[in-house]
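1. Show me the folded form of this:
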Amino acid sequence: MKETEKQSNTAATDERLTSFSSERRAFMSSLAALGSGLALPPSASRKLISLSETIPASSPPVPVVSCGRGKVIASDAATVVETTSGKVRGFQRNGAYIFKGVPYGASTSGALRFMPPKKPEPWTGVRSALSYGRICPQQDSGHFNMDGKNLASGDEEAFLLHRGSAICIPGEDCLRVNLWTPEINGSYKRPVMVYMHGGGFSGGSGHDLLSYEGESLARNHDVVVVNHNHRLNVYGYLNLEAFGEEMFSRSANVGMLDIVAVLEWVHEHIASFGGDPGNVTVFGQSGGGGKVAALMAMPAAKGLFHRAIIQSGPFLKALSPDFSGRVAELLMAELGLLRSQVRELQKIPVDRLSGAAAEAIKKASPPSTSRNAGFEENNWGPTVDGKILPHHPFDSGAPAVSASVPLITGTNLNESVNGLNRPGINSMTVEEMTRLVRETYQGDAEAIIAAYRKEYPKADPFGTYAAIAASRWRIPAFAQAAKKAAMGAAPAYAYIYSWRTPVLDNRPGTFHASEISFVFDNSEICDHYSAGDPGAVVLSRQMSTAWVNFARTGNPNHDTLPHWPAYAAESRATMYFDVQCEVRYDPEGQGLRIIAQFEGR
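-> Down below sits the predicted model:
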């Protein structure tokens, strides 16, 4: 979502709340493509299983191992692992081994730009792997309106997420993995969890948030954690197939092929890092969740992962060849190149290429005038090309190629409409909330508001508004769970994350990306968000244990959670992660059905 925020002039947003339709466009840009597709039946019983009905309300807290900076070892004798490309030296801290910036592919510059990834060039001796590598060049901010009129529009979000905790240096030699593990060069095989970073398909990196640090997850839960950088935006998703050069026939999806190369690297090397290549979970948030969904539909990724988790990334559809092909045509025009000069694209300097790509995307994606949250094509992303990505991930149904892969999918309570950088939200009146909902849902507004007030009776007017606005996330996420469950081959589990940070006077709400630090068991180091709250530490352990148990067995249940049933069309069981976790059946069902009918889903 950060990339979209950079591209939008948010001054007006900071003065007053935007309408649903403008929020919807921001959401669509960040995910690159979001499909429609949830048909909820008109009747379903809504039940609650409270925490007290399943486990004692005052369960004993789970002990947490501190991530304090203790003894550190970096030694050719003690922290070296051999890969097929050469030896790498990481470091050990408090019992966890850490390797950063390990190449899984060659540089993608020059003649390898827009080409499928190649194996990394081998090296002699021991390669140092102590710091993060380069990230893919990001979209050129010089081609978007960045005039904030001295407003601190992103300050609160950056503070709460510890954004910018590590240096991010762009470059085309960016195919790198980072790894955290309790053991190297041993014989025990642990579950492997491979994380996909957010930022849509156009921005972000594997280390731009402190939440992504895998040390706590690896040490506290005895798993191997991997994240990575890969090609994005024009470097990963420029569709040049129509220009007649066979060498570029896969250029529209090389960013996803990079991720397949990550999984191949894991399959080949992870045993030396204490992991089990036969038990790999892919998980990701926002655009990273979209990448997980795309992987589930890719034949090239089949067998390279065995579980999947999609966090706030309900990606149902990918781009059409028509749209991505039009972006390529506009890019060539921006650079003054003829169709016969397509190979010249490999020689264009990065700053010029990124700038032209930003202009091409703007021209290909005029502002939407639609009120509906249906599928729009307005940013970078994978293309349904009939080869690498044969079908939309979750459009007509769950992808058959990954039928045996269990799935967790979920959203945050407030997602993009929340209290970040909006100091006046607590004064919103019922009348203003009703007006905003009417702007989108017209005559259905009162019925929708009534349904959400019944669902969240303690919510103030802004809280009701924010929950309604999350329907554009909730509907496709529940669609993923329903379509996966309908296959009957592997279970699906659904969740809504609803814990609120006490920081900033409890105003931010449960915003987009806020759950990541808890999934990684990082409540201690991400204290800007957790605020050192004891309940946050307990919830962080509950969530991270659920994710790890799912990675280990395909079932997220454990002793400190209420029983989390698999999702089914009849029950729609959904875990709410909060101070007291509980399972709700058909949450928001009445409101979502009215919204889905209004939008023609």
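2. quick one: the strands in the stretch 301-450 of the chain?
-> Counting by DSSP state E, counting those that start in this stretch, the stretch 301-450 of the chain has strands at residues 307-311, 407-412.
3. Pull the distance from the first one to the chain's centre.
-> Spelled out, that is strand 307-311. The chain centroid and the centroid of strand 307-311 are separated by 9 Å, computed with C-alpha atoms, centre = their mean, to the nearest Å.
4. ok so, going back, could you redo the strands of the stretch 301-450 of the chain as CSV and give each row mean pLDDT?
-> Listed next are the strands of the stretch 301-450 of the chain as CSV, based on pLDDT from 0 to 100:
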stretch, mean pLDDT
strand 307-311, 98
strand 407-412, 98
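5. show me the contacts for residue 591.
-> 448, 451, 452, 455, 468, 471 (C-beta atoms under 8 Å, 6 or more residues apart in numbering). Bear in mind the C-beta positions are built from the backbone N, C-alpha and C, glycine included.
6. try 7 Å
-> Residue 591 makes contact with 448, 451, 452, 455, 468 under the criterion C-beta atoms under 7 Å, 6 or more residues apart in numbering.
7. distance of it from residue 437?
-> According to C-beta to C-beta, to the nearest Å, residue 591 and residue 437 sit 11 Å apart.
8. Need the overlap of contacts for these two.
-> 448, 468.
9. For the chain, which helix or strand comes out least confident on mean pLDDT?
-> Every helix and strand of the chain was ranked by mean pLDDT, DSSP states H and E. The lowest is strand 48-49, at a mean of 30.
10. what sits opposite the most centrally placed residue in the chain in the beta ladder?
-> Centroid check for the chain by C-alpha atoms, centre = their mean gives residue 285 as the closest residue, at 1.9 Å. Using DSSP bridges, the bridge partners assigned to residue 285 are residue 311.
11. Per-residue confidence, it, what does it come out as?
-> pLDDT, the model's per-residue confidence, is 98 for residue 285.
12. Could you say which of the contacts of residue 591 is surrounded by the most neighbours?
-> residue 468 (28 neighbours; other C-beta atoms under 10 Å).
13. Look up how far residue 459 lies from residue 593.
-> Taking C-beta to C-beta, one finds residue 593 at 19 Å from residue 459.
14. If you count surrounding residues, which of those two has more?
-> residue 593 (22 against 15).
15. Which strand or helix spans the more buried one?
-> Element membership of residue 593, judged by DSSP states H and E, is helix 589-598.
16. likewise residue 124?
-> Going by DSSP H and E, residue 124 is not in any helix or strand.
17. again, but for residue 254
-> With DSSP H and E as the test, residue 254 turns up in helix 254-269.
18. Check which residues of that helix are buried.
-> 254-267, 269 (16 or more other C-beta atoms under 10 Å).
19. doesn't residue 257 make contact with residue 117?
-> Yes - between residue 117 and residue 257 there is a contact at 6.0 Å, judged by C-beta atoms under 7 Å.
20. so can I have CSV of the strands of the stretch 301-450 of the chain showing distance to residue 184 and mean neighbour count?
-> Converted to CSV, the strands of the stretch 301-450 of the chain look like this (distance: least, C-beta to C-beta, whole Å; neighbours: other C-beta atoms under 10 Å):
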stretch, distance to residue 184, mean neighbour count
strand 307-311, 24, 28
strand 407-412, 29, 28
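21. so which of the ones you listed gets nearest residue 506?
-> strand 407-412 (15.7 Å; C-beta to C-beta).
22. Next, the angle strand 307-311 makes with the closest one.
-> Computed by axes from the mean of the first three to the mean of the last three C-alpha atoms, to 10 degrees, the angle separating strand 407-412 from strand 307-311 equals 10 degrees.
23. Show me what strand 407-412 is packed against.
-> In terms of contacts (3 or more C-beta pairs under 7 Å, 6 or more residues apart in numbering; DSSP states H and E), strand 407-412 is packed against strand 307-311, helix 471-487, strand 492-497.
24. Please enumerate the helices of the stretch 51-200 of the chain.
-> Ranges of helices in the stretch 51-200 of the chain, per DSSP state H, counting those that start in this stretch, are 51-54, 155-160.
25. Mean pLDDT lowest where, among the ones you listed?
-> helix 51-54 (a mean of 33).
26. Would you indicate which residues of the longest helix seen in the chain are buried?
-> In the chain, with assignment by DSSP state H, the single longest helix is helix 534-553. Within helix 534-553, the residues that count as buried by 16+ other C-beta under 10 Å are 536-552.
27. List the neighbours of stretch 277-290 that are in contact with it.
-> Outside stretch 277-290, the residues that touch it by C-beta under 7 Å, 6+ apart are 1, 30-32, 191-201, 204, 263, 266-267, 270-271, 291-292, 295, 304-313, 315, 512-513, 516, 547, 551.
28. meant to ask about stretch 536-553, not that
-> Stretch 536-553 is touched from outside by 61-62, 64, 191, 193, 217, 221, 223, 281, 283, 307, 309, 408, 499, 518-521, 523-524, 530, 555-558, 560-561, 577, 581, with contacts defined as C-beta under 7 Å, 6+ apart.
29. Show me just the buried residues among these.
-> 62, 191, 193, 217, 221, 223, 281, 283, 307, 309, 408, 499, 518-521, 523-524, 530, 556-557, 560-561, 577, 581.
30. Please narrow those to those residing in helices.
-> Going by DSSP H, the helices hold 217, 221, 518, 519, 530 from those.
31. Let me know the closest of the contacts of residue 591 to residue 232.
-> Residue 232 has its nearest neighbour among the contacts of residue 591 in residue 468, at 31.6 Å by C-beta to C-beta.
32. mind saving the C-alpha coords of stretch 208-215 as CSV?
-> What follows is stretch 208-215, C-alpha atoms only, in CSV (Å, rounded to 0.1, in the frame of the first residue of the first chain):
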residue,chain,number,x,y,z
ASP,A,208,11.8,-2.2,4.6
LEU,A,209,9.8,-3.1,7.7
LEU,A,210,11.2,-4.2,11.0
SER,A,211,8.3,-6.6,11.2
TYR,A,212,9.9,-8.8,8.6
GLU,A,213,12.9,-9.8,10.8
GLY,A,214,12.6,-13.6,11.1
GLU,A,215,14.9,-14.0,14.2
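33. chain center to the helix holding residue 593: distance?
-> Using C-alpha atoms, centre = their mean, the offset of helix 589-598 from its chain centre is 25 Å.
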